[in-house]
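Student: I'll drop the sequence and a predicted model, then ask my questions.
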Amino acid sequence: MTALIVIAAIILFFALALNVKLRVRIRYIGGEFDFRLKYLWFTIYPFKKNKRKKKKEKAGKAKQDTRKKKGRKDISSENESAEEFVKTEESMDISENADTEFEEDTENIPSEKKQKEKLKDKLDKLSELIEKIKIIWGFSEKRLRRIFTHIYIENLMIDFVIAGDDACKTAVSYGTVSAAVYNGISIISTLFRTKVKSVDISCDFDGKKPVYDTAADITARPSTLLAAVLGILGGFIINYKSIMGKSDKRQSNEAAAQL
């Protein structure tokens, strides 16, 4: 009974742990990028480092820089003489091998038949790749859509100020940026479950520096992501022969033709 209770407790723990949401916080405000990955109350990324370790790392880097500078001064004189010697040898080699390289180039010009064969090989490879992509997309489409529908984008904030001295250019860039932003939001909302907090795009004809501030919170459950990934891997294993079979046949035919 105790073993069954322990197994049940482990299963329940993993079930609860996989259903807890992963939270990603993205901020780009005032030209500074901030990325944080949280699980429960733990911050997975970025890792917190002690101040003492940072000071030691800075001191070590300063020592390495001073040593490198000293070494470069000592080696610079030796490198100059070696470079002059190498340049003279290279000039002699170029003059001697000019005629031989020209003859080799004229002999290695590919014929029309070889060019046609290469073109056919490229087309065959491209058609095989398209067929493989179709097969992979066939068994992974539903699972990828499930991933997209279970990813939540919340508190989406976009605050852009288009600035510039030239009024005409500023107005044109304002139109292009606003069109790109609103079209991008519509595409994102079709793929993911999105909640927009605020979108503000304005023009500043007197300002010199534009402002691009964005923020968003992304949440997803590890259970849905893991289930989708395992499903795609299972589909790949089941359809392995149909995916890799044609390329193996082509390689065997090429080997037989060479023999």
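Tutor: Now that the structure is in, tell me what you want to look at. Numbering: from 1, shown residues only.

Student: buried sites along stretch 151-166?
Tutor: Buried residues in stretch 151-166, counted by 16 or more other CB atoms under 10 Å: 151-153, 156-158, 160-164. Glycine gets a C-beta too; all of them are placed from N, C-alpha and C.

Student: before we move on, what about stretch 187-202?
Tutor: For stretch 187-202, a neighbour-count test (16+ other CB under 10 Å) marks 192, 194, 201 as buried.

Student: show the subsequent helix or strand relative to the helix or strand Glu117 falls within.
Tutor: Element membership of Glu117, judged by DSSP states H and E, is helix 112-149. Counting by DSSP H and E, the next helix or strand C-terminal to helix 112-149 is strand 151-163.

Student: run through who's touching that following strand.
Tutor: Contacting residues not belonging to strand 151-163 are listed as 170, 173-174, 177, 181, 185, 188, 192-220 [CB atoms under 8 Å, 6 or more residues apart in numbering].

Student: what is the helix holding Glu117 packed up against?
Tutor: Of the remaining helices and strands, those touching helix 112-149 by 3 or more CB pairs under 8 Å, 6 or more residues apart in numbering; DSSP states H and E are helix 222-238, helix 240-258.

Student: can you rerun that using 10 Å?
Tutor: helix 167-191, helix 222-238, helix 240-258 (3 or more CB pairs under 10 Å, 6 or more residues apart in numbering; DSSP states H and E).

Student: tally of neighbours for the closest residue to Ala167 other than its chain neighbours?
Tutor: Once flanking residues are discounted, Ala167 sits nearest to Phe205: 5.3 Å by CB to CB, 6 or more residues apart in numbering. Phe205: 13 surrounding residues under other CB atoms under 10 Å.

Student: same check on Leu129?
Tutor: Other residues near Leu129 come to 11 when the count uses other CB under 10 Å.

Student: kindly report the same for Tyr182.
Tutor: 13.

Student: these two touch, right, it and Val199?
Tutor: Yes - applying CB atoms under 10 Å, one finds Tyr182 in contact with Val199, separated by 7.6 Å.
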